[in-house]
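Novice: What follows is a predicted protein model with its sequence.
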Amino acid sequence: MAESARNYLVAGNWKMNGSTAANRELVDGLLDGFSPSDGAGMLLCPSFVHLRDVASWIAASDIQLGAQNLSEQTGSGAYTGEIQGAMLKDAGCDYVIVGHSERRTLYGEADDLVAAKFIAAQAQGLTPIVCVGESLEQRETGSTEAVVRRQIDAVLDAAGVEAFSGAVVAYEPIWAIGTGHTATPEQAQDVHAAIRGMIAARNDTIAAGLRILYGGSVKGSNAAELFAMNDIDGGLVGGASLSASDFLAIYRAAAG
Ligand code: 13P
C-alpha cells in the first residue's frame, strides 16, 4: 500500500459470538491498548443486539462501529426479523458488512440480494464492506478470478462504479476463513490487484482510492506481511478479533 494515499482499515467481525460481559472485557482490553493512528482505522462489528452497548463504550474513542448484515429494504414495515440500515445508523453504526460468505452459503444470499443490500446501506448513510471470495474447489479448478469478477460485477452493474468511492471491498477466500490456512501474501495480492483492475476498467481514480481488505485467518503473526502488499489495505478479522491482544497486534501491523 506504500504507493497510495489509502488508509488501512482493520475490522473485527465478531460473528455470532459475545455476551454483554464478554464484550465489555474485550472492549476494555482494546481501549487499554489502542492508540489511534492517522494511517489506520479500527472497526468493530458485534452482533445486532450488542451494537448499542459497544457504541456507548467506544463513544469517546476513535474506534468505529459496524454491523454484520442489514435488510435490503430501505423503508420500515412488515419484515419480521429484519434490520434496516437506518436502524443501524441510529444505533451508532458507520459501516455494515454485506455478502459475507457465511451469508451467501448458509443463508442463500445471491449476488443480486448482496447488490441490493450494498445499495440499501449507502442509501441510509452506511459504508458497505462487500465481501467476495472463492471456495477451495473454485480455486483448485482455476476459477477464482471468474468467481470474484461475477460477485464484483453484480454490485458494479446494480450500483454503478461511483458507488465504490464510498465503499470497501473485502476479499475473503472461503478456504481461509476460520481454518488457520491464510492465503499467502502473493495469493491475496494477485486477487486484490485483479479486483482493483475490475474497478479501474470503469474508473481509475475510484479504483486507486478503494480500500480492499483481506480476510481469512489473519493473525498478529501474518498481518504485517499481508498488509505490506500493494493492494492490501487492511483486514477483516474473525477469530483473532475476539482477543484484545491479538486484534491489537493486527491493528499495530497496519498502524505501524
Ligand atoms: P477468520 O479470521 O476467523 O478466518 O474469519 C475471517 C472472516 O470471515 C471475517 O469476516
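Specialist: Yep, that arrived.

Novice: residues contacting the residue of the stretch 1-150 of the chain found nearest the ligand?
Specialist: Proximity of the stretch 1-150 of the chain to the ligand (CB to the nearest ligand atom) peaks at residue 13, 3.7 Å away. For every residue, glycine as well, the C-beta is placed using N, CA and C. Neighbouring residues of residue 13 by CB atoms under 8 Å, 6 or more residues apart in numbering: 45, 68, 97, 100, 215, 236-238, 241.

Novice: try 6 Å this time
Specialist: With contacts defined as CB atoms under 6 Å, 6 or more residues apart in numbering, residue 13 is in contact with 45, 236, 238.

Novice: Now the last one. Nearest residue, chain neighbours left out?
Specialist: Spelled out, that is residue 238. Excluding its sequence neighbours, the residue lying closest to residue 238 (CB to CB, 6 or more residues apart in numbering) is residue 13, at 5.3 Å.

Novice: Find me the pLDDT at the one you found, would you?
Specialist: Reported pLDDT at residue 13 in the predicted model: 98.

Novice: Please apply the same query to the one 10 residues further on.
Specialist: Reading off the confidence values, residue 23 has pLDDT 98.

Novice: Look up the closest residue to it, ignoring the ones flanking it.
Specialist: That would be residue 50: by CB to CB, 6+ apart, it lies 5.4 Å from residue 23.

Novice: Name the residues of stretch 44-57 that are buried.
Specialist: 44-47, 50-51, 53-55, 57 (16 or more other CB atoms under 10 Å).

Novice: Of those, which belong to strands?
Specialist: In strands, judged by DSSP state E, the following of the buried residues of stretch 44-57 are found: 44-45.

Novice: Present the buried residues of stretch 44-57 as JSON lines; the columns should include pLDDT and distance to residue 118.
Specialist: What follows is those, written out as JSON lines (pLDDT from 0 to 100; distance: CB to CB, whole Å):
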{"residue": "44", "pLDDT": "98", "distance to residue 118": "21"}
{"residue": "45", "pLDDT": "99", "distance to residue 118": "16"}
{"residue": "46", "pLDDT": "98", "distance to residue 118": "21"}
{"residue": "47", "pLDDT": "98", "distance to residue 118": "21"}
{"residue": "50", "pLDDT": "98", "distance to residue 118": "24"}
{"residue": "51", "pLDDT": "98", "distance to residue 118": "20"}
{"residue": "53", "pLDDT": "98", "distance to residue 118": "27"}
{"residue": "54", "pLDDT": "98", "distance to residue 118": "23"}
{"residue": "55", "pLDDT": "98", "distance to residue 118": "23"}
{"residue": "57", "pLDDT": "98", "distance to residue 118": "28"}
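
Novice: close enough to count as contact, residue 117 and residue 72?
Specialist: Yes: Residue 117 is in contact with residue 72 according to CB atoms under 6 Å; the separation is 4.9 Å.

Novice: so residue 250 is in which element?
Specialist: Per DSSP states H and E, residue 250 falls inside helix 244-255.

Novice: in that helix, what counts as buried?
Specialist: Buried residues in helix 244-255, defined by neighbour count with 16+ other CB under 10 Å: 244, 246-255.

Novice: cool, and stretch 220-238?
Specialist: Across stretch 220-238, burial judged by 16+ other CB under 10 Å covers 220, 222-223, 226-227, 229, 231-238.

Novice: and if you look at stretch 158-166?
Specialist: Within stretch 158-166, the residues scored as buried using 16+ other CB under 10 Å are 159, 161, 163-164.

Novice: what are the ranges of the helices in the protein?
Specialist: Here the chain has its helices, by DSSP state H, at 20-33, 51-58, 85-90, 101-106, 111-123, 136-140, 144-159, 185-200, 204-209, 220-227, 244-255.

Novice: what about stretch 40-57 and the ligand, touching?
Specialist: No: residues of stretch 40-57 are not located near the ligand by CB under 6 Å from any ligand atom, the shortest gap being 8.2 Å.
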